[in-house]
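Trainee: Predicted model and sequence follow; I will ask about them next.
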Amino acid sequence: MSEHQKERIKARLIESVSMMIVGGEIKDPRLNTLCSITDADLSPDYAYATLYVSSPFSDGSLDKSVKALNSASSFIQSRIGKILKTRNTPVLTFKKDVSFREGERLSSLISSLVKDDDVRES
């Protein structure tokens, strides 16, 4: 398959799983409905997909949500199969994505360094 098709499948995976989370289709109490799917990696043969989950809440809440999504992965995979209508549906694995928090932390560190530098120059 072409790179264009791979990107389209990734986008549809992200959108579909996000809609399932927000729509409350996944009925696991550990799942926070404010979680979002930030990215997806597909294997070259499209047999496996890793989806990255982010949350604005604590790491504990994110860990619980990732566990809930991994527990519901077969249900999600069956729903995705109906949406994608491809020959094979990728086996889904969910991992937590903390890149947003790390970016915020680095940004605040840089801001504090710039403020300290401005104070020293004054």
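Mentor: Happy to help now that I have it. Numbering: from 1, shown residues only.
Trainee: need the strands for this structure, in chain order.
Mentor: 36-42, 48-54, 91-96 (DSSP state E).
Trainee: Mean neighbour count, those: which tops it?
Mentor: Comparing these by mean neighbour count (mean count of other CB atoms under 10 Å), strand 48-54 ranks first with a mean of 20. Every residue, glycine included, has its C-beta placed from N, CA and C.
Trainee: Would you mind getting the angle between that strand and strand 36-42?
Mentor: On the basis of axes from the mean of the first three to the mean of the last three CA atoms, to 10 degrees, strand 48-54 is oriented at 160 degrees to strand 36-42.
Trainee: most residues in a single helix of the chain, which one?
Mentor: The residue-count maximum for a helix in the chain (DSSP state H) belongs to helix 99-121.
Trainee: Can I get the strands of the chain in a markdown table including distance to Gly103?
Mentor: Formatted as a markdown table, the strands of the chain follow (distance: least, CB to CB, whole Å):
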| stretch | distance to Gly103 |
| --- | --- |
| strand 36-42 | 12 |
| strand 48-54 | 11 |
| strand 91-96 | 15 |
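Trainee: By mean pLDDT, which helix or strand of this structure comes out lowest?
Mentor: Lowest by mean pLDDT, DSSP states H and E among the helices and strands of the chain is helix 99-121, with a mean of 76.
Trainee: who touches that one?
Mentor: Contacts to helix 99-121, defined as CB atoms under 8 Å, 6 or more residues apart in numbering, come from residues Thr38, Ser54.
Trainee: quick one: buried residues of it?
Mentor: Within helix 99-121, no residue counts as buried by 16 or more other CB atoms under 10 Å.
Trainee: in this structure, what spans have low per-residue confidence?
Mentor: 1, 116-122 (pLDDT under 70).
Trainee: residues near Arg79, how many?
Mentor: 18 (other CB atoms under 10 Å).
Trainee: Ignore what I typed, I meant Met20.
Mentor: 20.
Trainee: and what of Asn70?
Mentor: 15.
Trainee: ok, now how distant is the spatially closest residue to it that is not a sequence neighbour from Ser71?
Mentor: Leaving aside its sequence neighbours, Asn70 sits nearest to Phe94 (CB to CB, 6 or more residues apart in numbering; 5.1 Å). As judged by CB to CB, to the nearest Å, Phe94 and Ser71 stand 10 Å apart.
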